[in-house]
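Peer 1: Everything below, folded, please.
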Amino acid sequence: MRPLTLIRNADVFAPDPLGMVDVLLGGGQILAVGPALPAHPLAEEVDLGGLRLVPGLVDLHTHLTGGGGEGGAETRVPPVALSSFTLAGVTTAVGLLGTDCVTRSVAENLACARALSALGLTAYCYTGGYTVPPVTLTGSVRGDIVHVDRIIAVGEVAISDHRSSQPTYDEILRLAADAHVAGLMTRKAGVLHLHLGDGARGLDLVRRALAGAEIPARVFHPTHCNRNGGLWREALALAPLGCVIDVTAFPKDDPAPPGAPSAAEAIFQWWTSGLPVGQLTVSSDGGGCLPDFDPDGVLLRMGVGSSSTLLEAVAEAAALGVPFGTALATVTLNPARHFRLHGKGRVVAGADADICVLDEHGGVRHVWAGGRRMVADARAIVRGPFESP
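Peer 2: A predicted model of the protein is given here:
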């Protein structure tokens, strides 16, 4: 039986600001939010002394199995450890395959999602990967989403990238249609998550689909849209058509071309442009390879994405003048809504007990996932069986 936890004196952003209130957790849910909640004899009380409390983060683009491999087998990134998520404040992660759909598989991705869920995280996954036709578990995208509990969407399908399968317009439409109908049948996200490279075609396939097909705009979910300035301008133009746009919180030491906004700058530009704030999501590419290629497509160097960049992007956007709750929604409420993850991304009675507490400097102090304490005083107290203590 999960214990009751009464969190006192929390400066709550739900993600909208609620002020100084108490939060009661029990049975894996948030039971109550309000000022001066009554004590409970079975509850453990935790006094935050005014620290900021936010929903557990939703990282919708992570490589649970590890990404990479573009520079040979030795450049395959290892699987992401549980504490890499929890120490970053992430309580919900969605895993995908990238370039390597040969030595990595949907089955492995699914196994990683189930393993992390067994350890206390909430983890889902995509079917497919960069390639078209996509790799699947049941033989079809539609079958994977309909029949497999934790598979909720298809992606990341690569377009406008030298590593892609150079998919045609008709192939993209077929994938989007399968994702959409499977989502209707299951009440899952049913989105087509599209990896965008630096190719000159940019978002042309998406624009054509929105103009010429009956598939709802929400199905097309392009990511890495802040990788260069031209692509970002295209993405801004898609928002009024109903698309939800995803930007990547690249590490600070990852080189970016001139004009490419950081995730924080993208949040600021979106907000100041007056675009619907619910149509922007931010993800980390955690566990993924962040490569730099020469003109012939040869890997020169690589970094590795981390979920820790999400809160950094939120803090930087707030420093630029974006309301903290608005910036926070891009990594909590917005991805939870778009991916139909009910109970996630909010601090409200009835929601899942996924809570992150920030210290005075914006770092992660405490984390509860499903009401279970995962991080205490910036230390991971729950780790995977193969993690170093």
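Peer 1: How much space separates the residue lying farthest from the centre of the chain from Leu48?
Peer 2: What lies farthest from the middle of the chain is Pro41; by CA atoms, centre = their mean that is 37.3 Å. Plainly put, Pro41 is 21 Å away from Leu48 if you go by CB to CB, to the nearest Å. Quick note: C-beta positions are derived from backbone N, CA and C, even for glycine.
Peer 1: what does Leu280 give?
Peer 2: 29 Å.
Peer 1: higher neighbour count, those two?
Peer 2: Legend: neighbour count by other CB atoms under 10 Å for Leu280 and Leu48, higher for Leu280 (27 against 20).
Peer 1: how about the strands in the stretch 151-300 of the chain?
Peer 2: With DSSP state E, counting those that start in this stretch as the criterion, the stretch 151-300 of the chain has strands at 151-159, 192-196, 220-223, 245-248, 280-283, 289-293, 299-304.
Peer 1: Measure how the last one sits relative to strand 289-293, angle-wise.
Peer 2: Read that as strand 299-304. 160 degrees (axes from the mean of the first three to the mean of the last three CA atoms, to 10 degrees).
Peer 1: next structured bit after strand 299-304?
Peer 2: helix 309-319 (DSSP states H and E).
Peer 1: low-scoring pLDDT stretches of the chain, where are they?
Peer 2: Across the chain, the ranges flagged by pLDDT under 70 are 1-2, 255, 291.
Peer 1: Domains in it, by residue range?
Peer 2: What automatic domain parsing lists as the domains of the chain is 4-54+343-380, 56-338.
Peer 1: Please compute how far the longest one lies from its chain's middle.
Peer 2: When distances are taken as CA atoms, centre = their mean, to the nearest Å, domain 56-338 is centred 7 Å away from the chain's centroid.
Peer 1: beta partners of Trp368?
Peer 2: Ile355, Arg373 (DSSP bridges).
Peer 1: quick one: it from Arg340, how far?
Peer 2: Applying CB to CB to Trp368 and Arg340 gives a distance of 23 Å.
Peer 1: Looking at those two, which one has more neighbours?
Peer 2: Trp368 (27 against 16).
Peer 1: residues in contact with the more buried one?
Peer 2: 5, 25, 56, 91, 353-355, 374 (CB atoms under 8 Å, 6 or more residues apart in numbering).
Peer 1: what's in contact with whichever strand or helix holds Leu24?
Peer 2: In this structure, Leu24 sits in strand 17-26 according to DSSP H and E. Residues outside strand 17-26 that contact it (CB under 8 Å, 6+ apart) are 2-12, 30-37, 40, 43, 50, 53, 324-325, 347, 353, 355, 368, 371.
Peer 1: List the buried residues for it?
Peer 2: Judged by neighbour count (16 or more other CB atoms under 10 Å), strand 17-26 contains these buried residues: 18, 21-26.
Peer 1: and the next helix or strand after that strand, what does it pack onto?
Peer 2: Downstream of strand 17-26, the first helix or strand assigned by DSSP H and E is strand 29-34. In terms of contacts (3 or more CB pairs under 8 Å, 6 or more residues apart in numbering; DSSP states H and E), strand 29-34 is packed against strand 17-26.
Peer 1: just to revisit the earlier point, can you redo the buried residues of strand 17-26 as a markdown table with distance to Asp359?
Peer 2: Formatted as a markdown table, these follow (distance: CB to CB, whole Å):
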| residue | distance to Asp359 |
| --- | --- |
| Leu18 | 19 |
| Val21 | 19 |
| Asp22 | 19 |
| Val23 | 17 |
| Leu24 | 22 |
| Leu25 | 20 |
| Gly26 | 25 |
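Peer 1: from these, which two are the most distant?
Peer 2: Distances among those were taken as CB to CB; the most separated pair is Leu18 and Gly26, at 19.2 Å.
Peer 1: Is Pro257 in contact with Asn228, as I believe?
Peer 2: Yes. Between Pro257 and Asn228 there is a contact under CB atoms under 8 Å: 5.3 Å.
Peer 1: Among the two, which residue is more densely surrounded?
Peer 2: Asn228 (20 against 10).
Peer 1: which residues touch the more buried one?
Peer 2: 198, 257, 259-260.
Peer 1: Write the ChimeraX selection for whichever of these are buried.
Peer 2: Those of those that count as buried under 16+ other CB under 10 Å are selected in ChimeraX with:
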select :198,260
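Peer 1: and the two most separated of the contacts of Asn228?
Peer 2: Asp198 and Gly259 (12.1 Å).
Peer 1: hey, where'd the helices end up in the stretch 1-150 of the chain?
Peer 2: 82-86, 106-118, 141-147 (DSSP state H, counting those that start in this stretch).
Peer 1: Can you say which of those helices is packed in most?
Peer 2: helix 82-86 (a mean of 25; mean count of other CB atoms under 10 Å).
Peer 1: list the helices and strands that one packs on?
Peer 2: Using 3+ CB pairs under 8 Å, 6+ apart: helix 82-86 touches strand 379-380.
Peer 1: Strand partners (parallel or antiparallel) of the strand it packs on?
Peer 2: In the sheet, strand 379-380 lines up with strand 372-376 (antiparallel) (DSSP bridges).
Peer 1: residues in contact with the partner strand?
Peer 2: 2, 5, 86-87, 91, 120, 364-368, 380-382.
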